[in-house]
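Peer 1: pasting the sequence and the predicted model now:
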Amino acid sequence: MIKYGENKLSKKKNWKFKDIPSQTGKVAIVTGANRGIGFEVVKTLARKGAQVIMACRNLDNSEKAKEKILSEYPNVKIDIIHLDLANLSSIREFVTKFQEKYSRLDILCNNAGIFQAPQQKTVDGFELHFGTNHLGHFALTGLLIEMIIETINSRIITMSSWGHKFGEIHFDDLDLDKNYSKGKAYAQSKLANLLFAYELQRKLEFKRRIVLSNASHPGWTRTKLSKSIIIRIFNPFMGMKPEKGALSMIYAATASEAEGGAYYGPNGRLGIKGYPIKVKSSEKSHNLELAKRLWEVSEDLTGIKFPI
Ligand SMILES: NC(=O)c1ccc[n+]([C@@H]2O[C@H](COP(=O)([O-])OP(=O)(O)OC[C@H]3O[C@@H](n4cnc5c(N)ncnc54)[C@H](OP(=O)(O)O)[C@@H]3O)[C@@H](O)[C@H]2O)c1
C-alpha cells in the first residue's frame, strides 16, 4: 500500500544521468518541450533511447529546439506534434495525430505551464492558469488514458510546484473573475496538478491498472517561466540549470524505484536545488473530498470522461 506524501529521504547517492535506465523501445510525450525543463526532459529521454514527441504550440521554436538536440545527438528519435493546451480542440487534434502515428504510449510528461500571467482566458473561456496547467493536461491525459493503460508499465508524470502550498481550489469562482491575482491563479493550478496526479493513481490502483501516476517539481530552475525582474535577477544565484532541474521529472518517469501517488523534487535545502528524492506535498493536496470534487468539475468543464 502506498503511503501518499511520505517523505522517504533516499540514503542512496545522488541520482544522475548515468542512473537513468535505458528507454529504448519506449514512446514518450513531453508537453511544453521547446524550452526550459521540457526541452531537457526530451533531450534526456531521447538520449536514453526513447522515441520522444514534443507537444508544443510554437512549431518554429520546436523545430529549432529539435535541431539543437539533433546537432549534438544525431541518432536520437524526436518528433513534433502541435499542441495548444489552452484550446480543447487543439488537444483533440493532437491526440488524433499522435494515435494515427503511434500505437503505444509509455510516458506522458505533463510539463507545460504558465506562471503569474495577467488575467486572461483560454479559447474555451477558462482562466488561463487553471485552463492550461490543469484542465489542458487533464483533458490530454483523459484522451490518451486507454492507450496508456494498454501499454505495459506506463507512467504519467504531472509537474507541480512549491507554490501549490499556497493554493486553494475556488469552486465558487474557478476562473477568479471576482478577485483575480496572478499568484492565486498559479497556486490554484499547481494544487490542482497534485490533486489530479494523486486521484488518478487512486483510480488506476482501484482498477488494478499497471500504470503509475506521480508528480514532480523542479525546485528553482533557471528558465524563462517567470517575467518577474526579481526572480530573473536571482536566477543565476538561486536557480539550477534546466538540465538539473529536469531530473525530478525524469526520475519520476524512469527510475525503477519511483512510485505511483508520490511527489519528487530536489533534495537540497527548502527543496530549491539538488537531486531527486521523494518529497512531501501539502495536506490539502491529499484531501480525498477535494480531489473527487475537482475531478468531477474537470470532467464537466472539459467534457472528457475518463474510462476508469
Ligand atoms: N522554473 C522553475 O523554477 C519552476 C518552478 C516550479 C514549477 N515549475 C513548472 O515547470 C514547468 C516547466 O516550466 P519551465 O520553468 O520549463 O518554464 P518555461 O521555460 O517557460 O517553459 C514552459 C513551456 O510551457 C509551454 N506552454 C505554455 N503554455 C502552453 C500552451 N497553452 N500549450 C502548450 N504549451 C504551453 C511553453 O511554450 P511556449 O514556448 O510556446 O510559451 C514552454 O515550452 C511548468 O509547469 C512550471 O509551472 C517551474
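Peer 2: Happy to help now that I have it.
Peer 1: return the residues of this protein in contact with the ligand.
Peer 2: Along the chain, the residues adjacent to the ligand under the rule CB under 6 Å from any ligand atom are 31-32, 34-38, 56-58, 61, 83-86, 111-115, 132, 159, 161, 217-218, 220-221, 223-225. Yep, even glycine has a C-beta here, placed from its N, CA and C like the rest.
Peer 1: in helices only, show me these.
Peer 2: Mapping those onto helices (DSSP state H) picks out 36, 37, 38, 61.
Peer 1: can you pick out the most distant pair from these?
Peer 2: The distance between the two most remote of those (CB to CB) is 15.0 Å, for 37 and 61.
Peer 1: from the residues of the chain next to the ligand, which land in strands?
Peer 2: Among those, DSSP state E puts 31, 56, 159 in strands.
Peer 1: how much space between the residue lying closest to the second one once chain neighbours are set aside and residue 144?
Peer 2: Distance criterion CB to CB, 6 or more residues apart in numbering; nearest residue to residue 56, sequence neighbours excluded, is residue 62 at 4.2 Å. Relative to residue 144, residue 62 is positioned 19 Å away (CB to CB, to the nearest Å).
Peer 1: re earlier: top of the ones in strands among the residues of the chain next to the ligand by neighbour count?
Peer 2: residue 56 (29 neighbours; other CB atoms under 10 Å).
Peer 1: what's the neighbour count on residue 307?
Peer 2: Around residue 307 there are 8 other residues, counting by other CB under 10 Å.
Peer 1: tell me where the model's unsure across the chain.
Peer 2: Applying pLDDT under 70 to the chain picks out residues 1-12.
Peer 1: which residues touch the residue nearest to residue 56?
Peer 2: Residues near residue 62 by CB atoms under 8 Å, 6 or more residues apart in numbering: 33, 34, 54, 56, 80.
Peer 1: from residue 278, how far off is it?
Peer 2: Here residue 62 is placed at a distance of 32 Å from residue 278 (CB to CB).
Peer 1: the protein: helices as residue ranges?
Peer 2: 36-47, 59-72, 88-101, 128-129, 137-150, 182-206, 229-238, 242-245, 247-254, 288-302.
Peer 1: my read: residue 88 touches residue 139, true?
Peer 2: Yes - between residue 88 and residue 139 there is a contact at 5.9 Å, judged by CB atoms under 8 Å.
Peer 1: where does the residue in the stretch 51-200 of the chain that the ligand sits nearest to fall, phi/psi-wise?
Peer 2: For the stretch 51-200 of the chain and the ligand, the shortest gap (CB to the nearest ligand atom) falls at residue 113, measuring 2.3 Å. The phi/psi pair for residue 113 (degrees, to the nearest 10) reads phi -170, psi 160.
Peer 1: for ChimeraX, what selects the buried ones among the residues of the chain next to the ligand?
Peer 2: To isolate in ChimeraX the members of the residues of the chain next to the ligand that are buried, counting by 16 or more other CB atoms under 10 Å, one can use:
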select :31,32,34,35,36,37,38,56,57,83,84,85,86,111,112,113,114,115,132,159,161,217,218,220,221,223,225
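Peer 1: ends of stretch 42-58, how far apart?
Peer 2: Counting by CA to CA, to the nearest Å, you get 16 Å between the two ends of stretch 42-58.
Peer 1: distance of the residue of the chain most remote from its centre from residue 162?
Peer 2: Centroid-distance maximum for the chain: residue 178 at 28.3 Å, with CA atoms, centre = their mean. Separation of residue 178 from residue 162 (CB to CB) stands at 26 Å.
Peer 1: now residue 36
Peer 2: 16 Å.
Peer 1: mind listing what the nearest residue to residue 112 once chain neighbours are set aside touches?
Peer 2: In this structure, residue 112 finds its nearest non-sequential neighbour in residue 32, 2.6 Å apart by CB to CB, 6+ apart. Residue 32 makes contacts with 38, 55, 56, 111, 112, 113, as judged by CB under 8 Å, 6+ apart.
Peer 1: cool, residue 236 as well?
Peer 2: Residue 236 makes contacts with residue 222, as judged by CB under 8 Å, 6+ apart.
Peer 1: start the count at 22 instead of 1 going forward.
Peer 2: I'll keep to 22 as the first residue from here, and by that count the last item is residue 257.
Peer 1: now do it against the ligand, distance only.
Peer 2: Separation of residue 257 from the ligand (CB to the nearest ligand atom, to the nearest Å) stands at 13 Å.
Peer 1: and residue 324, by the same measure?
Peer 2: Per CB to the nearest ligand atom, residue 324 is found 18 Å from the ligand.
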